[in-house]
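> any chance you could fold what I've pasted below:
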Amino acid sequence: MNCKAFWFVFLVVILTAGCAPAPLTPAALPVTPTAPATATQTPTAAPPVEATPTFLPETHLSLPSPTPLPSEPRNAPTTWDGAWTNLDPSNFMAQTFRAVSSAIRSVEVNVFAGKGGGDTLTLTILDASRNVLAETSAPVGAEGIDGWLRFEFSEPVPVRPGEEYLLRLRGSKVWVNWKLSGDLYPQGSAIVLGEPSSFEDFIFKVNAAAGEDSNPLTEAAYEQLPAIPPQPGTLDEMIARCPTAEEIAAIDRDIELIFEGGNTGELVCKASEGSADLTAFQKSAYQALLAMKMLTFTRPLPWTDRPLYDWFVSTAKGIRFRDDISQGSCCSPARVINIPSGSFARLSPRETWRWADPRSGWGLVQGNVNLFVHEARHIEKGPHTCGNLDKSLSEMNAYGVTYSLQLWMAYFLSNPAILTAQEPYAEYYRDLALGAAESLRTLAFCETPPPFVP
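Alright, predicted model coming up:
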């Protein structure tokens with residue numbers, strides 16, 4: 001196994017599951033407010049609400065060099081590359097920084113969310129040992145947000161200049177998203193799923209003047225695909241082409257795909273060319289099911305004796321792709337899983353034409369495979385058993401099957417060559433699966449299972 005660093009935020013971010021319909025997250029976002037919203041301090045965080053899965057992609061591009069470090073900690077670039085992650089209540093998302101002043105009076109974060117049911121965000125200041133120093137909250141209304149959200153503390157929070165602290169931000173459900181940049185703040189780093197990232201920072205400001213004229217964070221153009229062709233017989237090769245008319249007809253006989261959202265945009269596949277008239281999003285839905293057919297293993301999956309695809313189509317009778325929800329869910333109607341499509345507009349080309357983009361560790365087909373499997377297991381086992389987590393791996397609930405699928409892809413593929421990546425190195429996708437499995441092992445179960453030994 002190649003020992004280079006890999007990124008695996010995609011899976012835990014998309015798999016925070018439950019079974020209730022979720023608020024709308026459209027591609028078009030509200031205009032950035034002229035003045036940041038202001039928080040009111042509360043003694044404790046809002047109780048967690050069980051969340052549901054969603055695919056939440058990230059993209060990382062090169063940004064302009066940062067401006068000179070200001071007198072107070074901040075990361076507020078003038079150009080944003082579209083990278084973000086959701087504030088799932090069970091995930092530890094934070095930004096480290098070094099204090100400049102002896103007290104923190106306010107913090108601003110740059111977030112976005114489409115129209116939905118509203119939420120309350122909680123911002124916590126922690127010391128380097130992750131002890132809580134202070135906490136405050138701010139509401140985000142049903143109209144959504146795209147810009148700076150201000151948190152003010154009723155009393156200044158004492159800190160030591162030069163020492164490291166953390167800004168943790170969380171919501172009570174999977175709805176609001178915290179924007180990321182490249183590694184532009186030299187005195188700290190983003191912490192994603194509890195682990196520091198060496199190549200990115202969350203966008204934030206400490207002790208900024210109220211009403212400061214904040215930049216609009218103009219979104220940069222996405223980088224196009226590299227000119228490196230995928231290896232023959234790989235998942236990447238399948239994803240790069242259009243499914244044939246015969247492949248589409250076979251899938252349609254096995255399961256119903258209902259496109260209530262994600263069916264807009266230009267056609268990337270056409271019936272006149274031997275496929276079907278499909279948008280990029282519709283194409284990816286069929287490709288996820290074709291990928292399931294390609295994922296065969298040398299030993300049975302831990303939850304079924306059937307091949308992955310056969311188990312899935314025998315469990316779920318339909319998939320609804322909807323742009324009126326921001327989180328996946330099961331089951332409406334019975335045995336039909338619901339998949340959000342509203343985030344599709346923020347994907348980069350690499351995330352729609354590759355198993356995973358090395359800059360983000362995420363791809364639409366890859367994400368759909370894991371989300372389909374996760375939600376289908378809810379059909380059989382019901383909701384999570386420990387809040388928005390599973391109590392144990394032995395239950396083999398929705399998190400158990402997605403954790404196991406990552407391990408089986410890493411160790412037990414009948415044809416390991418299908419996971420060959422053309423960038424950044426051949427075994428990158430296998431390493432990505434191993435990283436995702438480890439994230440799930442440590443974060444998705446109330447009773448953490450021991451490390452897997454193949």
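> state the distance from residue 275 to residue 349.
Using C-beta to C-beta, to the nearest Å, we find residue 275 at a distance of 19 Å from residue 349. For every residue, glycine as well, the C-beta is placed using N, CA and C.
> quick one: which of these two has more around it?
Neighbour totals were compared for residue 275 and residue 349, and residue 275 leads with 21 against 15 (other C-beta atoms under 10 Å).
> which residues of the stretch 351-454 of the chain fall in helices?
Counting by DSSP state H, counting those that start in this stretch, one finds helices in the stretch 351-454 of the chain at the ranges 364-381, 398-411, 428-443.
> doesn't residue 241 make contact with residue 290?
No: counting by C-beta atoms under 8 Å, residue 290 does not reach residue 241; the two are 10.0 Å apart.
> the two: which is more packed in?
residue 290 (21 against 13).
> now that one, what's its secondary structure?
Classification of residue 290 using DSSP: H, G, I helix; E, B strand; the rest coil returns helix.
> is residue 210 in a helix, a strand, or coil?
Residue 210 - assigned by three-state DSSP - is coil.
> what about residue 251, how many neighbours?
Neighbours of residue 251 (other C-beta under 10 Å): 21.
> next, count neighbours for the closest residue to residue 261 other than its chain neighbours.
Closest residue in space to residue 261, ignoring its immediate chain neighbours: residue 323 at 2.7 Å, by C-beta to C-beta, 6 or more residues apart in numbering. Residues near residue 323, counting by other C-beta under 10 Å, number 23.
> same question for residue 114.
Using other C-beta under 10 Å, residue 114 has 23 other residues around it.
> does it touch residue 144 like I think?
Yes: using C-beta under 8 Å, residue 114 makes contact with residue 144 at a distance of 4.9 Å.
> where exactly do the helices run in this protein?
Along the chain, counting by DSSP state H, helices occupy 9-14, 235-240, 245-254, 280-294, 308-315, 349-353, 364-381, 398-411, 428-443.
> CA atoms of the second one as CSV?
Written as CSV, here are the backbone C-alpha positions of helix 235-240 (Å, rounded to 0.1, in the frame of the first residue of the first chain):
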residue,chain,number,x,y,z
LEU,A,235,-14.2,2.2,-12.4
ASP,A,236,-12.8,5.5,-13.7
GLU,A,237,-13.1,4.2,-17.3
MET,A,238,-16.7,3.2,-16.7
ILE,A,239,-17.5,6.6,-15.1
ALA,A,240,-15.9,8.5,-18.0
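> quick check: residue 311 touching residue 302?
No: counting by C-beta under 8 Å, residue 311 does not reach residue 302; the two are 11.5 Å apart.
> when the two are compared, which one has more neighbours?
Higher neighbour count among residue 311 and residue 302: residue 311, with 20 against 15, using other C-beta under 10 Å.
> if we can go back for a sec, any chance of the helices of the stretch 351-454 of the chain in a markdown table, with distance to residue 139 and mean pLDDT too?
What follows is the helices of the stretch 351-454 of the chain, written out as a markdown table (distance: least, C-beta to C-beta, whole Å; pLDDT from 0 to 100):
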| stretch | distance to residue 139 | mean pLDDT |
| --- | --- | --- |
| helix 364-381 | 29 | 94 |
| helix 398-411 | 30 | 96 |
| helix 428-443 | 27 | 88 |
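> between those helices, which one is nearest to residue 298?
helix 398-411 (8.8 Å; C-beta to C-beta).
> what does that closest one rub up against?
Helix 398-411 is contacted from outside by 11, 15, 17, 295, 297, 299, 301-303, 308, 370, 373-375, 377-378, 381, 384, 389-390, 393-394, 396, 419, 430, 433-434, 436-437, 440-441, 444-445, 452, 454, using C-beta atoms under 8 Å, 6 or more residues apart in numbering.
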